[in-house]
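1. My questions concern the predicted model and sequence given below.
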Amino acid sequence: MEYGSIEREIHVDASPEVVFGVISRPEHMREWWSDDARFEPVPGAPGELVWRDTESGETMAVALAVVEVDPPRRFSFRWCFSDPDRSGRSLLVTFDLVPTGRGTRIRMTETGFREMGWETAVLEERYREHESGWDRYLPALGAYAGRRMSTA
C-alpha cells in the first residue's frame, strides 16, 4: 500500500451551496465531524477541531489552518501539524463540490501522509485511522447536508 492519499467520493441530495456551508462553517462541522470546531472560513485563518472521549471526558484538540475558500466549489484546510505553531509538515484536506442533476458530488482528498516523516509503523497506523474516520464521517456529512437541504 502506498499511504500517500485518501480519496473518497459521495453523492449528497443537497445543493452545492448547502454542502459548502456544511463543510466550511464550524457550527455545521460540529454536527457531523468534531465535537467542537473553531475557525473563520477565510484563507489563512487558524483554528482547531476538538473531540471529546465520551467515557473519560478528556478532550483532544487538533490545530488547523484554512487554506482555500471558493464557494460553492472548494474548501481546504491543513491539520495534524508537525509543529505546535502550525508550521512544518501537515496533512491537507480538500473538499471539491460538483453539482449534479439531483444534488452534489463531494470529493474529499487528504494528502501529505508520506511527507510527515513518520516511521513506517506510525504512518500505517495514522493512515488507517484517517481512512476509518473518513469512512464514518463522510456518510454523516451527507446525511446532515440532506437534512439541511430539507429544511432550507
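-> Looks like it came in fine.
2. C-alpha from now on. contacts and neighbour counts both.
-> Noted.
3. In the protein, spot the strand with the most residues.
-> Among the elements of type strand in the chain, defined by DSSP state E, the one spanning the most residues is strand 59-70.
4. Neighbouring strands of that strand in the sheet, and parallel or not?
-> Strand 59-70 has these partner strands in its sheet, going by DSSP bridges: strand 46-52 (antiparallel), strand 74-79 (antiparallel).
5. May I see those arranged in a markdown table, with mean neighbour count, mean pLDDT and distance to Met108 as well?
-> A markdown table is the format used below for the strands paired with strand 59-70 (neighbours: other CA atoms under 10 Å; pLDDT from 0 to 100; distance: least, CA to CA, whole Å):
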| stretch | mean neighbour count | mean pLDDT | distance to Met108 |
| --- | --- | --- | --- |
| strand 46-52 | 18 | 95 | 18 |
| strand 74-79 | 22 | 98 | 9 |
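6. Nearest to Ser24 among the ones you listed would be which one?
-> Nearest to Ser24 among those is strand 74-79; the distance by CA to CA comes to 6.5 Å.
7. If you count contacts, what does the following helix or strand past the closest one end up packed against?
-> Elements were assigned by DSSP states H and E; along the chain past strand 74-79, the next helix or strand is strand 91-100. Judged by 3 or more CA pairs under 8 Å, 6 or more residues apart in numbering; DSSP states H and E, strand 91-100 is in contact with helix 16-24, strand 74-79, strand 103-111.
8. can you list contacts of the second one?
-> Counting by CA atoms under 8 Å, 6 or more residues apart in numbering, the neighbours of strand 74-79 from elsewhere in the structure are 20, 23-24, 62-69, 90-97.
9. Repeat that for stretch 83-96.
-> Residues contacting stretch 83-96 (CA under 8 Å, 6+ apart): 23, 63-65, 73-82, 106-113, 115-116.
10. any low-confidence regions in this structure?
-> Within the chain, the segments meeting pLDDT under 70 span 1, 152.
11. Grab the longest helix from it for me.
-> With DSSP state H applied, the helix covering the greatest number of residues in the chain is identified as helix 120-151.
12. how about that one: buried residues?
-> Within helix 120-151, the residues that qualify as buried are 123-124, 127, 131, 134, 138, 141-146, 148-149, counting by 16 or more other CA atoms under 10 Å.
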